[in-house]
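Q: Let me see the structure of the following:
(one chain, ligands or ions: 2)
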Amino acid sequence: MNQADHTYLQLCRYILENGTKKEDRTGTGTLSIFGYQMRFNLQEGFPLLTTKRVPFRLIASELLWFLKGDTNVRYLLQHNNHIWDEWGFQKWVTSSDYDGPDMTNFGLRSQEDEAFKAIYEAQMQRYQEKVLHDDDFAALYGDLGNVYGKQWRSWEGANGQTYDQIQYIIQEIKRNPDSRRLVCSAWSASDLEHQQLPPCHYAFQFYVVDGKLSCMFNMRSNDVFLGLPFNIASYALLTHLIAHECQLDVGELIYTGADVHIYSNHIEQVQTQLTRDPKKLPTLTIKPGVASIFDVELDDLQLNDYDPHPTIKASVAV
Ligand SMILES: Nc1nc(=O)c2c([nH]1)NC[C@@H]1CN(c3ccc(C(=O)N[C@@H](CCC(=O)O)C(=O)O)cc3)CN21
Ligand SMILES: O=c1ccn([C@H]2C[C@H](O)[C@@H](COP(=O)(O)O)O2)c(=O)[nH]1
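A: Ligands and ions are numbered 1, 2, ... in the order given. This is a model prediction of the structure:
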């Protein structure tokens, strides 16, 4: 059974038919709806879409990065993960330390202007090298500010004391699984000015019934073609990891989105994906013996029987 692809494709179809043209911060333009919910039964298989290839390795390394409480893209680069590069790069090129060619509006310009694209790529390569090999540079420009890792693992209270929301949730699930307070919030009003990108998945909550762990996650803004397949798989993986540690089965994953949009330069890609028939979902195995989710490494996670349709390329809006 694979209901997951159908559920996702139904959302895509719904936006194409009912979405309103809406301008956005990146200048790309979107088709957007406001308010949508989807449910994924995690017992059916691991919800990694099969109607295009979704790179599980990038999703897993990003989630482990959050769980480590890390906010610096150096860890991602060390794992050959480039999904956050543009947001660190932006911090560098808009600073007084930047001494290269003008990078104003690099996201859109690199899609429209081939000559600029080559200049941009050279600067991006310089950025990546510096983050990887220059500690001072990485501390300044690799760090994305108080993003997910910081809020999840060391939320700062008014008194300067820090709170580990993930540790709290795990302890509570073990001690009092009926709790209705198994919430993690990444949205901190006082931190908005200290973040390269305010959290898109800003809160999630767990629920235990009949020995199964379910999770609901909320998104204020969601890029349906590039972001959402990652977000679904990431929260599915988080639910599996916490269930594993708490000796529970997995239940349901519930998604609630607010401004749910397809970028205007992703419409063709979505239409291609809609012509494809879903295949069997993969399954996930966590290496036995990994006791704490904070010790999990990439090699402890194994995705089985993933045989998707080919990748569909698209540019990310910055
Ligand atoms: N516009 C936008 N969409 C997002 O989904 C997004 C952001 N911005 N900003 C922050 C993070 C970064 N995320 C990203 C960024 C890029 C891809 C992406 O390009 N995915 C490609 C594969 C990329 C690769 O192989 O390196 C894909 O085909 O899924 C996915 C998620 C999710 N978030
Ligand atoms: O996990 C993520 C992170 C980001 N996004 C998307 C949603 C929007 O398209 C952009 C963020 O732009 P804002 O103007 O701050 O809303 O990134 C995502 O889908 N998933």
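
Q: what does the stretch 1-150 of the chain have sitting close to ligand 1?
A: Neighbours of ligand 1 within the stretch 1-150 of the chain, by Cβ under 6 Å from any ligand atom: Val54, Pro55, His82, Ile83, Trp84. The C-beta positions use only the backbone N, C-alpha and C, and glycine is treated the same way.

Q: need the contact list for the residue nearest to the third one when sequence neighbours are not counted.
A: On the basis of Cβ to Cβ, 6 or more residues apart in numbering, the spatially nearest residue to His82 that is not a chain neighbour turns out to be Leu76, at 7.3 Å. If a contact means Cβ atoms under 8 Å, 6 or more residues apart in numbering, then Leu76 has Ser61, Glu62, Trp65, His82, Ile83, Trp84, Asp85 as its contacts.

Q: Got the confidence number for the second one?
A: The score at Glu62 is 98. That number is its pLDDT.

Q: Is Val316 in contact with Phe225, as I believe?
A: No. Using Cβ atoms under 8 Å, Val316 is not in contact with Phe225, being 9.7 Å away.

Q: now the residues of the stretch 1-150 of the chain next to ligand 1 in JSON lines, with neighbour count, pLDDT and distance to Asp134?
A: Below are those laid out as JSON lines (neighbours: other Cβ atoms under 10 Å; pLDDT from 0 to 100; distance: Cβ to Cβ, whole Å):
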{"residue": "Val54", "neighbour count": "19", "pLDDT": "98", "distance to Asp134": "33"}
{"residue": "Pro55", "neighbour count": "15", "pLDDT": "98", "distance to Asp134": "28"}
{"residue": "His82", "neighbour count": "13", "pLDDT": "98", "distance to Asp134": "18"}
{"residue": "Ile83", "neighbour count": "17", "pLDDT": "97", "distance to Asp134": "22"}
{"residue": "Trp84", "neighbour count": "21", "pLDDT": "97", "distance to Asp134": "18"}
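
Q: Between all of those residues, which two are at the greatest distance?
A: Greatest spacing in those, by Cβ to Cβ: Val54 and Trp84 (16.8 Å).

Q: roughly how far apart are the residue nearest to His82 and Asp259?
A: The gap separating Leu76 from Asp259 is 26 Å, by Cβ to Cβ, to the nearest Å.

Q: Check the secondary structure at the nearest residue to Lys91 once chain neighbours are set aside for me.
A: Spatially, and ignoring its direct neighbours in sequence, Lys91 is nearest to Tyr141 (5.3 Å; Cβ to Cβ, 6+ apart). Of the three states, Tyr141 takes helix under DSSP: H, G, I helix; E, B strand; the rest coil.

Q: go on, Glu129?
A: Using three-state DSSP, the structure places Glu129 in helix.

Q: give the contact list for it.
A: By Cβ under 8 Å, 6+ apart, the contact set of Glu129 is empty.

Q: How about the residue in the stretch 201-318 of the chain that ligand 2 sits nearest to: what's its closest non-neighbour residue?
A: Nearest to ligand 2 in the stretch 201-318 of the chain, going by Cβ to the nearest ligand atom, is Gly227, at a distance of 2.3 Å. In space, and not counting its chain neighbours, Gly227 is closest to Cys200: 6.9 Å by Cβ to Cβ, 6+ apart.

Q: For Pro101, grab the count of nearby residues.
A: 11 (other Cβ atoms under 10 Å).

Q: middle-most residue in the protein, spatially?
A: Among the residues of the chain, Asn231 comes closest to the average C-alpha position under Cα atoms, centre = their mean, at 4.6 Å.

Q: pLDDT averaged over the host helix or strand of that one - what is it?
A: Here Asn231 sits within helix 227-245, counting by DSSP states H and E. In this model, helix 227-245 has a mean pLDDT of 98.

Q: can you dump the C-alpha coordinates of it into CSV?
A: Provided in CSV are the C-alpha atoms of helix 227-245 (Å, rounded to 0.1, in the frame of the first residue of the first chain):
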residue,chain,number,x,y,z
GLY,A,227,10.3,21.5,0.9
LEU,A,228,7.3,19.3,1.7
PRO,A,229,8.6,15.9,0.6
PHE,A,230,11.6,16.6,2.9
ASN,A,231,9.4,17.8,5.8
ILE,A,232,7.1,14.7,5.7
ALA,A,233,10.0,12.3,5.7
SER,A,234,11.9,14.3,8.3
TYR,A,235,9.0,14.2,10.8
ALA,A,236,8.4,10.6,10.0
LEU,A,237,12.0,9.8,10.8
LEU,A,238,11.8,11.9,14.1
THR,A,239,8.7,9.9,15.1
HIS,A,240,10.5,6.6,14.3
LEU,A,241,13.5,7.6,16.3
ILE,A,242,11.5,8.7,19.4
ALA,A,243,9.3,5.6,19.2
HIS,A,244,12.4,3.5,19.0
GLU,A,245,13.9,5.1,22.1
